[in-house]
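Novice: I need the structure of the sequence given here:
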Amino acid sequence: MDACVASLGDEPRLKAWIQQNKLTPTDAAFSQRVLQGKPGEVWSATSKVGDFLLVIGSPYRCAVWARRANARLGLEHFEKLVKGIERPGLSVNLEMDQEFQGQGGKYRQVAYILRKQGSMTGWAMLATTSESATAEVQVRFTVSAAK
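Specialist: Just a heads-up that it's a prediction; the model follows:
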């Protein structure tokens, strides 16, 4: 998630981060399933924490997925990251915090909108988490352009 936030629409910067951290592209068939036929790239990152995917949908959309992860810790990291961005001239507003039933169990979504004061556009930051062992993905963070 840190890579998505640090690059915020700067695709060359994100690609440099991918190369620097030695992520590997996933196979084409798997990437197409993740992207659901839309253009983009899917990169794999494995660490001692777990197995992650970095999903780039366009220069204005970046996501990190963890098939298996601690949902509570993931959400805590997300909240800390979002609140650490706030500064004078930049608003960070909670837009949504809801639970819903999805594939494999109950999910929670928390969304924030980041905007420079006076701007009509900004960035949406979304966390979708599930503690269910049968969840499709237990932690998913997404950053995308917002109007």
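Novice: what ranges do the helices span in this structure?
Specialist: Counting by DSSP state H, the segments of the chain that form helices are 2-7, 11-20, 28-35, 71-85.
Novice: list the buried residues in the shortest one.
Specialist: It refers to helix 2-7. For helix 2-7, the buried set under the neighbour-count rule, 16 or more other C-beta atoms under 10 Å, comprises 3, 4, 5, 7. C-beta coordinates here come from the backbone N, C-alpha and C atoms, glycine included.
Novice: so what does it touch, helix or strand wise?
Specialist: Under the contact definition 3 or more C-beta pairs under 8 Å, 6 or more residues apart in numbering; DSSP states H and E, helix 2-7 sits against helix 11-20, strand 61-66, helix 71-85, strand 139-146.
Novice: roughly how far out does it sit from the chain middle?
Specialist: From the chain centre to the centre of helix 2-7 is a distance of 9 Å (C-alpha atoms, centre = their mean, to the nearest Å).
Novice: what does the second one give?
Specialist: In this view, helix 11-20 has its centroid 16 Å away from the chain centroid, taken as C-alpha atoms, centre = their mean.
Novice: of the helices and strands packed on helix 2-7, which is nearest residue 33?
Specialist: For the helices and strands packed on helix 2-7, the distance to residue 33 is smallest for strand 61-66, at 12.1 Å, taking C-beta to C-beta.
Novice: surely residue 31 meets residue 42?
Specialist: Yes: under the criterion of C-beta atoms under 8 Å, residue 31 makes contact with residue 42 at 4.1 Å.
Novice: what residues do the two have in common as contacts?
Specialist: Common contacts of residue 31 and residue 42 (C-beta atoms under 8 Å, 6 or more residues apart in numbering): residue 25.
Novice: show me the shaky parts of the protein.
Specialist: In the predicted model of the chain, residues 1, 48-50, 58-60 satisfy pLDDT under 70.
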